[in-house]
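J.: Below is the sequence, then the predicted model.
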Amino acid sequence: LFDSVPQAPRDPILGLNEQFNTDPRPHKVNLGVGVYYDAQGRMPLLPVVAQVEQDLADQSAARGYLPIDGIHNYNLGAQQLLLGSTSSPLTEQRAVTVQSLGGTGALKLGADFLQSLCPNATVAISNPSWENHRALFEKAGFTVVEYPYYDANTRGLDFEAMCSFLEQLPDQSIVVLHACCHNPTGIDPTAEQWQVLAELLVAKQHIPFMDIAYQGFGTGLAEDAAAVRLLAEQGIPMLVSSSFSKSFALYGERVGALTVITTDAAQSPRVLSQLKRLARTNYSNPPTHGAKIVSTVFGQPERFQQWTQELQHMRERIQSMRQQLVVKLKEHGVVQNMDFILQQKGMFSYSGLSQEQVHTLRDEDAIYILDTGRICVAALNAHNIDTVAAAIARVLR
Ligand code: PMP
């Protein structure tokens, strides 16, 4: 049976991590990761998470199954974080949320749901995008195309090309949009550009599928959800995948949520019933531990306040690393204008380094960066930033 099974390609990021782990050079730096590291270069356990975990351990509750759609208060909290408490989808019962296995699980559940409704729709993702978007939507049965996004010349967004591509797509296409902190480029549309996009999506009856995996890492929790809130007010069908993997540093606990915005409250229970059916036949019900932590934080004002502060601390540390990187690159003799690093949002920076330069950094300096030039700014710290800046300056010469 298995003789004919071909070897699947290695995941590029996990492959790079494996290479990093086996590299014996003691000064090695891994900027290829997609996680937040603290000032000591460690993945943090947020104090608020540790405290809530302690409370939960003290309660020593039995480990029953969760409902198919997860913890009710978790889903309500996820909706509010996304939409605010006064948005029309919430007040009009047009938002349906189910707990998911991380942001990936939300994307997959949403993709499978859409596949049952409009199997022939085209799915458009950004060029470039998170490397799993294409594979995930193709596995769900869709044809996936890429809309122009990054402009290597301006190191910014090619908004005109993006819009004209979306205009030319067949009506009612599914458009995957990074709500904030675009992965991998760090470049987001401006508020004015989101307004133009909203009008375009409405006119073309496209279905936005917004992916929000870094809420709180850009400007702030509410600010980072502004694009979601804007589109949610358009009265169009829409899906949103939320991930709390980064914002709670609960990567392995698989904390995410899928929110579907319907156009009429009467649709909502039917949509929920179908999402539950998909979940039931896929993984039956979601895991308990992470969602209990997150819903406890959502439900207790002091804990919530503490979490927003800890999130703010992570956001500000990344911003300070961006500033220091730009200063240090200049100090090490880089003459090119690197200020674009300051404009980018979230954990990542598209550095503009070529594949050749990336390989030189890996071979000669033990600095690991993705072949695309994506740097995880959240992996920089006071101990490694000088070495990194000096090495980048050298390969840019
Ligand atoms: N979407 C984007 C844009 C991401 O960067 C990631 C994680 N790197 C995800 C979704 C998936 O998140 P999770 O780990 O919660 O599945």
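T.: Structure received. Quick caveat, the model's predicted, so the values are computed rather than measured.
J.: In contact with residue 378, which residues?
T.: Contact analysis of residue 378 by CB atoms under 8 Å, 6 or more residues apart in numbering lists 35, 36, 37, 314, 317, 318, 321, 347. Just so you know, the C-beta spots here come from the backbone N, C-alpha and C atoms, and that holds for glycine as well.
J.: And the first one, its phi and psi?
T.: For residue 35, the backbone dihedrals are phi -130, psi 160 (criterion: degrees, to the nearest 10).
J.: quick one: it and the ligand, what's the gap?
T.: With the distance defined as CB to the nearest ligand atom, to the nearest Å, residue 35 ends up 8 Å from the ligand.
J.: cool, residue 49 as well?
T.: On the measure of CB to the nearest ligand atom, residue 49 and the ligand end up 15 Å apart.
J.: Same question for residue 167.
T.: Taking CB to the nearest ligand atom as the measure, residue 167 falls 24 Å from the ligand.
J.: For that residue, give me its contacts.
T.: Shown in contact with residue 167 (CB under 8 Å, 6+ apart): 200, 204.
J.: if we can go back for a sec, looking at the contacts of residue 378, state which has the most neighbours.
T.: With neighbours defined as other CB atoms under 10 Å, the most crowded of these is residue 347; it has 28 neighbours.
J.: Residue 77 contacts residue 296, doesn't it?
T.: No - using CB atoms under 8 Å, residue 77 is not in contact with residue 296; the gap is 9.6 Å.
J.: picking that back up, any chance of the contacts of residue 378 in CSV, plus secondary structure and pLDDT?
T.: Output for these, formatted as CSV (DSSP: H, G, I helix; E, B strand; the rest coil; pLDDT from 0 to 100):
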residue, secondary structure, pLDDT
35, coil, 94
36, coil, 97
37, coil, 97
314, helix, 98
317, helix, 98
318, helix, 97
321, helix, 97
347, coil, 96
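J.: Residue numbers of this protein in contact with the ligand?
T.: 34, 102, 103, 104, 130, 178, 183, 211, 213, 243, 245, 256 (CB under 6 Å from any ligand atom).
J.: what sits against the first one?
T.: So that's residue 34. If you count contacts by CB under 8 Å, 6+ apart, residue 34 has them with 13, 183, 347, 348, 376.
J.: can you rerun that using 6 Å?
T.: Listed by CB atoms under 6 Å, 6 or more residues apart in numbering, residue 34 has no contact partners.
J.: Assign a three-state SS to it, would you?
T.: When classified by DSSP: H, G, I helix; E, B strand; the rest coil, residue 34 comes out as coil.
J.: What distance do you get for it to residue 332?
T.: 26 Å (CB to CB, to the nearest Å).
J.: swap in the second one?
T.: Residue 102 sits 38 Å away from residue 332, taking CB to CB as the criterion.
J.: Please, where are all the helices along the stretch 201-350 of the chain?
T.: In the stretch 201-350 of the chain, the helices defined using DSSP state H, counting those that start in this stretch lie at 221-224, 226-232, 268-280, 289-299, 301-331, 340-343.
J.: Kindly state which of these is positioned closest to residue 97.
T.: Proximity to residue 97 (CB to CB) singles out helix 268-280 among those, at 8.8 Å.
J.: tell me the average confidence for the closest one?
T.: For helix 268-280, mean pLDDT rounds to 98.
J.: Give me the helices and strands touching that helix, please.
T.: strand 95-101 (3 or more CB pairs under 6 Å, 6 or more residues apart in numbering; DSSP states H and E).
J.: Skipping adjacent residues, who's closest to residue 334 in space?
T.: The shortest distance from residue 334 to any non-neighbouring residue, by CB to CB, 6 or more residues apart in numbering, is to residue 393 (4.9 Å).
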